[in-house]
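Can you look at this prediction? I've put the sequence above it.
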Amino acid sequence: YLDYLCMITEDASIMGISYTKKTVLSTISEIIDSVEEMKKANLGPIVIRLFGYASDGFEHSAYNQFNIDKRVGTVKELRQLNEILEAGGGKLYLDADVQFAYQKGNGFNPSNDAARYLNRLIVCRGSYDIVTRKYSETLRKYYISPANYERYASDYINSLSNKWNSESLPGVSYGSAGCVIGGDYSKKREIDRSQSVALLEKAFSSTEKKNINMVFDNGNFYVLKYASALLNIPTESSLYDSESNSIPFVQMVLHGNMSYAAIPQNISANPNQTYLDSVLLGASPYACFITKEDSLIFNTPYETQWYSLSSAERLNDFIKSAKASQKISAEIGNATLTGYKQLSDAVKCSSFSNGKSI
């Protein structure tokens, strides 16, 4: 599993005139080159998810229309990438998150279309850290009212179908829907969290009817029957012993039933430990890349969140670790995860229904 970040935008000015600076981090043609390298290494099925491919870049407006910025590539190149991936048993997924928008646009107006707190203020927050349980103050985004989910998803899929001009459509990523549930308490609509789940499922159902695959992050229970895969599954929720030594319940439920991955190895604070935990729990190899140099994100709001991304410098390392973990995965196959023990401070053991242990 690979995430590619395509483009970021920043507010800038020249001689007092404000404008939006667009910085391309990955192009579709360069991603295709990277895929060809992985195919030469016999890496097996490759699944790629794209972020920031549209004209707004990573800080997108509402995903209710499909487009790709010409700086990133063309629809023809996207189709070519999808065909290459599918030929090897993989798939292309496009970020189409219905829950969040960083700015107004595509018919999204925060005053009317964003959710509101109980005090009627518009919900606008930074990213939520599941470990610290705090929101960041950078890259703030609007939480879209659940009332819009089904319509936005349907409009995006229709737009994608019209512009794709091919029967083999890519999948979509409803990433945050697997880890965030919220309500909307505006005066004209009161939607609690249980109603929000029902509205999410309507959006997923309308996508499923179009025979389009979906991936999610984390994996709240209500996404499981719609998901082709789950990414960013936490191997532990904190560094407290009572939690890090707990039984990996999510992986025990999923292994043998669904493909999944832990956090991307190359943006982990401890890549070696992330690799070991992923292998131990049967997770697929996963990384987050850009095809251009890391210096492009220096001195931007993304610098503290993204680092060590350049595929030119790190793709070979990922290929080596992926092949090593896939060799172990082949021994386990689709067996279910049946046991987990902490043998010592440094050694953990997981056991599987086919009698194998890691």
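Alright, I've got the coordinates.

For Asn112, which three-state class applies?
Per DSSP: H, G, I helix; E, B strand; the rest coil, the local secondary structure of Asn112 is helix.

now do Val35
For Val35, the assignment made with three-state DSSP gives helix.

how much space between it and Tyr1?
Separation of Val35 from Tyr1 (C-beta to C-beta, to the nearest Å): 13 Å. Every residue, glycine included, has its C-beta placed from N, CA and C.

again, but for Ile32
17 Å.

Between those two, point out the one with more neighbours.
Tyr1 (25 against 18; other C-beta atoms under 10 Å).

and that one, what does it touch?
Listed by C-beta atoms under 8 Å, 6 or more residues apart in numbering, the contact partners of Tyr1 are 47, 49, 229, 231, 261, 284-287.

if we go to 7 Å?
By C-beta atoms under 7 Å, 6 or more residues apart in numbering, the contact set of Tyr1 is 47, 231, 261, 284-286.

okay, the residue sitting furthest away from the middle of the chain: pLDDT?
Most distant residue from the mean C-alpha position of the chain: Met15, 38.1 Å away (C-alpha atoms, centre = their mean). What the model reports for Met15 is a pLDDT of 78.

Tell me which residues are up against stretch 215-233.
Outside stretch 215-233, the residues that reach it (C-beta under 7 Å, 6+ apart) are 1, 47, 49, 93, 171, 173-179, 181, 197, 200-201, 204, 208, 213-214, 250, 254, 258-263, 283, 286.

ok, now stretch 63-77?
In contact with stretch 63-77 (C-beta under 7 Å, 6+ apart) are residues 6-7, 22, 24, 27-29, 53-55, 78, 96-98, 106-107, 152, 155-156, 159-160, 163-164.

What of stretch 92-109?
Residues outside stretch 92-109 that contact it (C-beta under 7 Å, 6+ apart) are 47-51, 53, 56, 59-65, 81-82, 85, 110, 141-144, 149, 152-153, 156, 170-177, 180, 203, 215.

Out of those residues, list just those in helices.
81-82, 85, 110, 149, 152-153, 156, 203 (DSSP state H).

Surely Ser161 forms part of a helix?
Yes - judged by three-state DSSP, Ser161 forms part of a helix.

So what's the residue count around it?
Count around Ser161 with other C-beta under 10 Å applied: 15.

list the contacts for the closest residue to Ile31 other than its chain neighbours?
Setting aside the residues directly before and after it, Ile31 is nearest to Tyr4 in space (C-beta to C-beta, 6 or more residues apart in numbering), at 5.5 Å. Shown in contact with Tyr4 (C-beta under 7 Å, 6+ apart): 26, 31, 48, 50, 289-290.

Can you list which of those are found in strands?
48, 50, 289 (DSSP state E).

any idea how far the first one lies from Tyr222?
Meaning Ile48. Distance from Ile48 to Tyr222, by C-beta to C-beta: 26 Å.

In terms of neighbours, single out the busier of the two.
Ile48 (24 against 16).

now that one, nearest residue through space, not along the chain?
Nearest non-adjacent residue to Ile48 (C-beta to C-beta, 6+ apart): Leu2, at 5.0 Å.

how close does that neighbour sit to Thr291?
In terms of C-beta to C-beta, Leu2 sits 11 Å off from Thr291.

Tell me how many other residues crowd Ile233.
Neighbour number of Ile233 under other C-beta under 10 Å is 23.

for the stretch 1-150 of the chain, what spans make up the strands?
2-5, 7-14, 17-24, 47-51, 91-95, 100-101, 124-125, 128-129, 134-135, 141-143 (DSSP state E, counting those that start in this stretch).

just the stretch 251-358 of the chain next, same as before
Counting by DSSP E, counting those that start in this stretch, the strands of the stretch 251-358 of the chain are 259-260, 287-289, 337-342, 348-352.

Using JSON lines, lay out those together with mean neighbour count.
As requested, the strands of the stretch 251-358 of the chain are arranged in JSON lines below (neighbours: other C-beta atoms under 10 Å):
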{"stretch": "strand 259-260", "mean neighbour count": "22"}
{"stretch": "strand 287-289", "mean neighbour count": "25"}
{"stretch": "strand 337-342", "mean neighbour count": "16"}
{"stretch": "strand 348-352", "mean neighbour count": "17"}
